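# Prediction below, plus the sequence it came from.
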Amino acid sequence: MEPATIELGLVSHTNAGKTTLARTLLGREIGEVRDAPHVTELAQAHTLLETPGGDVLRLWDTPGFGDSARLVTRLRAADNPIGWLMREVWDRYRNRPLWCSQQAVRTVRESADVVLYLVNAAEDPGDAGYVAPEMQILTWIGKPVIVLLNQVGPPRPATDERAELDRWRSAVSTFPVVHEVLALDAFARCWVQEGVLLRLLGSFLPAQKQPAMRRLVALWQARNIDRFQQSMGVLAQQLLAAAHDRQTVAQSMPEERSRRVLSALGLGARAGDQAREGAMAELAERLDRHIRTSTDRLIALHGLEGEAASMVLERLETHYSMTEPMSAGKAAAAGGIASGALAGLLADLAAGGITLGAGIVAGTLVGALGGVGVARGHNLVRGADKGSVAWSPSFLDGLVRSALLRYLAVAHFGRGRGAYAEAEAPAFWKDEVAQAVDERQQAFEALWENARGSDDAAQAEADLQSLLADAAIQLLERLYPGAVPATEDSNTIRQDVSPR
């Protein structure tokens, strides 16, 4: 088994986002990102994957093509266009566009097995006048080309995604050098989309390199399935902690503190209810801490840190916290309770371990309780020396929806730049998540009941992790048809993500 090195040349018109996409694929900061032409001056190679046996998948980040139309006009006048381009000497500063184009062509010609040609999908193909001349240059080089659509904006329903892909496929269909068009946004891509690209590469490689590519794809898939599995485990732990959590009314937080928390949520404790509502506030604060902790763990699992981590948290708060407005004063006073994914509380009053069905709803939990407004239960415990509050099964179902939304948010986070990041939380995700959870409603109901009555915490966590994984894979299949491996492999993935 001979190891092999597979080289990918990432090229585009200048300032189309090559380095940003390279950062996303590599999972680390490389190069310089600025809104200016020809920021990348020299081609740089980066290892994308490497197997223990020595197979390497290498990504070349190249300078952008410059004045493509003028360059092609000059190339057409030469008997050997690419040979002329390689021999010509241009001043690096006085003829910067031509010099950078030369560096890109040299890298693709001498190093690349496959060319990844990036286009700005925010443009209409008919308005992207640089595409045709640059395709002509790549045709002269003769390496297989995969067109990648960057800056596609926030995720959209699969039908809309396909329509845009078809539009670009039609635009480049006259160039035989183009073998496929894929969407791979530098900001909002998902790992299953990367898998589509990697599996596709093997068919364009020389026969002697194809076994190495299969080994590299297997390594990539094993890593990503493991990360997916760990992510589902993190969510299962957080959800089970909420399912098991219970607060004795007599041991709740101090009255003044609970009043501040509840008033921030628009609720005022009545006489005789202060202890109960204080217990509810205590329960809510613990849930908020667990949500924050699990989100931090998801972020770390996906290799995000520093600024990226804060941006993910900011988007979770902005897009997933509320479906109804809350005043700035209330939001500030609520503090941690209005963060993560929690903008609503639903607690059932329990006595002696028996749920009585009383509770409060403050605000809403996105994807969980829909448009339910602020409401207040008035049931009181009678004849019990000591009561406790716990989260109701319906609220736990809401937490499942919230958890899956948080997973999607983190799993789609790339290292891109641009205004489209502000709208990355698409509304249709909530509908897809709700459907996936609703289809498993009975399974979740049984799980909550068993979890509270079972002494086998490990088995309860394993069961919940498996159920979450099944729902999440279905979500990915619906959001990206064909991106999750075909039926046989998909079954393998479902087995692989089951708890070991």
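Nice, thanks for sending it over.

# Tell me where the model's unsure across the stretch 301-450 of the chain.
Applying pLDDT under 70 to the stretch 301-450 of the chain flags the ranges 305-387, 414-425.

# tell me the mean pLDDT for stretch 12-22?
In this model, stretch 12-22 carries a mean pLDDT of 76.

# Please read the previous query as pertaining to stretch 464-475.
Here the average pLDDT along stretch 464-475 is 96.

# For that stretch, list the C-alpha coordinates in PDB.
Only the C-alpha atoms of stretch 464-475 are listed here, as PDB (Å, rounded to 0.1, in the frame of the first residue of the first chain):
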ATOM      1  CA  LEU A 464     -31.300   9.600  24.700                       C
ATOM      2  CA  GLN A 465     -28.100  10.000  22.700                       C
ATOM      3  CA  SER A 466     -29.200   7.400  20.200                       C
ATOM      4  CA  LEU A 467     -32.600   9.100  19.800                       C
ATOM      5  CA  LEU A 468     -31.000  12.500  19.300                       C
ATOM      6  CA  ALA A 469     -28.500  11.100  16.800                       C
ATOM      7  CA  ASP A 470     -31.400   9.500  14.800                       C
ATOM      8  CA  ALA A 471     -33.300  12.800  14.700                       C
ATOM      9  CA  ALA A 472     -30.100  14.800  13.900                       C
ATOM     10  CA  ILE A 473     -29.200  12.600  11.000                       C
ATOM     11  CA  GLN A 474     -32.700  12.800   9.600                       C
ATOM     12  CA  LEU A 475     -32.400  16.600   9.800                       C
END
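
# I would like the residues contacting it, please.
Contacts to stretch 464-475, defined as Cβ atoms under 8 Å, 6 or more residues apart in numbering, come from residues 228-229, 232-233, 235-236, 239-240, 400, 403-404, 407-408, 432-433, 436-437, 439-440, 443-444, 447, 451, 484, 490, 493-494, 497-499. C-beta coordinates here come from the backbone N, C-alpha and C atoms, glycine included.

# Buried subset of the residues you listed as a PyMOL selection?
Applied in PyMOL, the following selects the buried portion of the contacts of stretch 464-475 according to 16 or more other Cβ atoms under 10 Å:
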select buried, resi 228+229+232+233+235+236+239+240+400+403+404+407+408+432+433+436+437+440+444+447+451+484+493+497+499
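
# The contacts of stretch 464-475 in strands, which ones?
For the contacts of stretch 464-475, not one is inside strands, with DSSP state E as the criterion.

# what number of residues lie near residue 1?
For residue 1, the tally of surrounding residues (other Cβ atoms under 10 Å) stands at 9.

# That one is in contact with residue 53, isn't it?
Yes: judged on Cβ atoms under 8 Å, residue 1 makes contact with residue 53 at a distance of 6.6 Å.

# Residue 103 contacts residue 62, correct?
Yes: Residue 103 is within contact range of residue 62, at 6.6 Å (criterion: Cβ under 8 Å).

# Which neighbours do these two have in common?
residue 43.

# buried ones in the helix or strand where residue 85 lies?
Element membership of residue 85 [criterion: DSSP states H and E] is helix 81-87. The neighbour-count check on helix 81-87 (16+ other Cβ under 10 Å) flags 81-82, 85 as buried.

# repeat for stretch 196-206
Within stretch 196-206, the residues scored as buried using 16+ other Cβ under 10 Å are 196-199, 201-202, 204-205.

# Looking at pLDDT only, which of the buried residues of helix 81-87 scores worst?
Within the buried residues of helix 81-87, residue 85 has the lowest pLDDT, namely 70.

# how about it, what does it touch?
When contacts are counted by Cβ under 8 Å, 6+ apart, residue 85 touches 71, 75, 78, 101-102, 105.

# Most widely separated two among the residues you listed?
78 and 101 (14.3 Å; Cβ to Cβ).

# Pick out whichever of these two has more residues nearby.
Neighbour tally, residue 78 and residue 101, criterion other Cβ under 10 Å: the higher count belongs to residue 101, 30 against 14.

# quick one: the strands in this structure?
5-12, 44-50, 56-61, 114-120, 145-150, 178-183, 246-248, 347-351, 354-355, 360-361, 375-376, 387-391.

# Kindly calculate the angle that the first one makes with strand 145-150.
Orientation note: strand 5-12 sits at an angle of 50 degrees relative to strand 145-150 (axes from the mean of the first three to the mean of the last three Cα atoms, to 10 degrees).

# What residues of strand 5-12 count as buried?
For strand 5-12, the neighbour count (16+ other Cβ under 10 Å) marks 6-12 as buried.

# same check, this time on the fifth one
For strand 145-150, the neighbour count (16+ other Cβ under 10 Å) marks 145-150 as buried.

# ok, of those, which one's closest to residue 213?
So of the buried residues of strand 145-150, ranked by how close each gets to residue 213 (Cβ to Cβ), first place is residue 146, at 13.7 Å.

# How about the closest one: what's its closest non-neighbour residue?
Using Cβ to Cβ, 6 or more residues apart in numbering and skipping residues adjacent in sequence, the residue nearest residue 146 is residue 180, 5.0 Å away.

# Kindly confirm whether my reading is correct that the one you found touches residue 149.
No: between residue 180 and residue 149 there is no contact under Cβ under 8 Å: 11.3 Å.

# any idea how far residue 210 is from residue 216?
As judged by Cβ to Cβ, to the nearest Å, residue 210 and residue 216 stand 11 Å apart.

# now do residue 5
As judged by Cβ to Cβ, residue 5 and residue 216 stand 10 Å apart.

# do the same with residue 289
Computed as Cβ to Cβ, the residue 289 to residue 216 distance reads 40 Å.

# With neighbour numbers in mind, choose between these two.
residue 216 (23 against 13).

# quick one, what contacts that one?
By Cβ under 8 Å, 6+ apart, the residues touching residue 216 are 6, 49, 51, 55, 57, 198.

# any chance of those in TSV, plus distance to residue 22 and pLDDT?
Listed next are those as TSV, based on distance: Cβ to Cβ, whole Å; pLDDT from 0 to 100:
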residue	distance to residue 22	pLDDT
6	16	96
49	14	94
51	21	96
55	20	97
57	13	96
198	15	94
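
# can you list these in TSV and add distance to residue 189?
Converted to TSV, those look like this (distance: Cβ to Cβ, whole Å):
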residue	distance to residue 189
6	20
49	16
51	23
55	24
57	17
198	13
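
# For the stretch 401-500 of the chain, just list every one of the helices.
Along the stretch 401-500 of the chain, counting by DSSP state H, counting those that start in this stretch, helices occupy 427-438, 441-453, 457-479, 487-496.
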